[in-house]
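Trainee: When you get a sec, could you give me coordinates for this:
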Amino acid sequence: MVIVTHEMGFARDVADRAIFMDQGQIVEQGPAKTLFAEPQHPRTRQFLEKFLVK
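Mentor: All right, here's what the predicted structure looks like:
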């Protein structure tokens, strides 16, 4: 199943895999737990720091 959401807490809690997109391009993808806990790309980190409620 594919779900598109801006609710980062929901995505982190239910996803097996996650894809972060910016301006229509895939920036980072991988296991959701890894992407949310240890993002590798600076844009992913910037977004999550701003929008993910911990």
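Trainee: element containing residue 45, please.
Mentor: helix 42-51 (DSSP states H and E).
Trainee: Could you list the buried residues of that helix?
Mentor: 44, 47, 48 (16 or more other C-beta atoms under 10 Å). Quick note: C-beta positions are derived from backbone N, CA and C, even for glycine.
Trainee: do stretch 11-26 as well
Mentor: Buried-residue list, stretch 11-26, by 16+ other C-beta under 10 Å: 11, 12, 15, 18, 20.
Trainee: Give me the subset of those residues lying in strands.
Mentor: Applying DSSP state E to the buried residues of stretch 11-26, the entries found in strands are 18, 20.
Trainee: can you list the buried residues of stretch 11-26 in a markdown table and add pLDDT?
Mentor: Shown next, in a markdown table, are the buried residues of stretch 11-26 (pLDDT from 0 to 100):
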| residue | pLDDT |
| --- | --- |
| 11 | 93 |
| 12 | 94 |
| 15 | 96 |
| 18 | 97 |
| 20 | 96 |
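Trainee: for the helix holding residue 45, packing partners?
Mentor: For helix 42-51, the contact count by 3 or more C-beta pairs under 8 Å, 6 or more residues apart in numbering; DSSP states H and E identifies strand 17-22, strand 25-31 as packing neighbours.
Trainee: CA-only coordinates of the first one, as CSV, when you get a sec.
Mentor: Read it as strand 17-22. The C-alpha coordinates for strand 17-22 follow below in CSV (Å, rounded to 0.1, in the frame of the first residue of the first chain):
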residue,chain,number,x,y,z
ARG,A,17,9.7,2.2,4.1
ALA,A,18,9.6,6.0,3.5
ILE,A,19,10.5,8.3,0.6
PHE,A,20,11.2,12.0,1.2
MET,A,21,10.5,14.1,-1.9
ASP,A,22,11.4,17.8,-2.5
